[in-house]
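Peer 1: quick one: sequence plus predicted model below, questions after.
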Amino acid sequence: MKIFLMVLFAVGGLASNAAMADAGLDLAKAKNCMACHAVANKVVGPAYKDVAAKYAGQKDAEAKLVAKVIKGGSGVWGAIPMPANTQVSEAEAHTLVKWVLSQK
C-alpha cells in the first residue's frame, strides 16, 4: 500500500509540473509575450532559458521579474526596453515568471 501511495504522489507531482508548463506557455501566448520572446532563442527580448539561467538561485528572482513583467524595464538585456504589461494581472505574472524560471 505504501508503494502505491508513493507512486500516486510521484505521478501527481509530475502532472502538476506538466500542468504548470502548459499553463505558463498558454499564458505567454495569450498575453502576447511570445511576440518578443521565445523559449530557446533571443527574439527582441532574451530567450526564456537565458532568463532562467541568469536568475537561477536568486531568492528574490520571482519578485523582481513579476515587477518587471507588470511595470516594464530596461538596461538588463540591452538597449531595447521591455514595455509595461498592464494587461497582465499580478497572479498571471507569478504564473508566467514561475514558468520562465523553470526553463532549461
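Peer 2: Received the coordinates, thanks. Computed from a predicted structure; not experimentally measured.

Peer 1: what are the phi and psi values at the residue nearest the centre of the chain?
Peer 2: Of all residues in the chain, the one closest to the mean position by CA atoms, centre = their mean is Val100, 2.3 Å from it. The phi/psi pair for Val100 (degrees, to the nearest 10) reads phi -60, psi -50.

Peer 1: surely it and Ala52 touch.
Peer 2: Yes. Here Val100 reaches Ala52: they are 6.1 Å apart, a contact under CB atoms under 8 Å. To be clear about C-beta, it is placed using only N, CA and C from the backbone, and glycine gets the same treatment.

Peer 1: need the next SSE after the worst-scoring helix or strand of the chain on mean pLDDT, C-terminal direction.
Peer 2: None of the helices or strands of the chain scores lower by mean pLDDT, DSSP states H and E than helix 2-30, at a mean of 63. For helix 2-30, the succeeding helix or strand toward the C-terminus, using DSSP states H and E, is helix 48-55.

Peer 1: chain center to the helix or strand following that following helix: distance?
Peer 2: Following helix 48-55 in sequence order, the next helix or strand is helix 61-71 (DSSP H and E). Helix 61-71 has its average C-alpha position 10 Å from the chain's average C-alpha position, going by CA atoms, centre = their mean, to the nearest Å.

Peer 1: equivalent analysis for stretch 77-86, please.
Peer 2: Distance, centroid of stretch 77-86 to centroid of chain: 16 Å (CA atoms, centre = their mean).

Peer 1: stretch 34-51 now?
Peer 2: 11 Å.

Peer 1: try stretch 23-42
Peer 2: That offset, for stretch 23-42, works out to 9 Å (CA atoms, centre = their mean).

Peer 1: got it, and stretch 89-104?
Peer 2: Worked out by CA atoms, centre = their mean, stretch 89-104 lies 3 Å from the chain centre.

Peer 1: buried sites along that stretch?
Peer 2: Glu92, Ala93, His94, Thr95, Leu96, Val97, Trp99, Val100, Leu101, Gln103 (16 or more other CB atoms under 10 Å).

Peer 1: which non-adjacent residue is nearest the residue nearest to the centre of the chain?
Peer 2: Closest residue to Val100 apart from its sequence neighbours, by CB to CB, 6 or more residues apart in numbering: Tyr48 at 4.8 Å.
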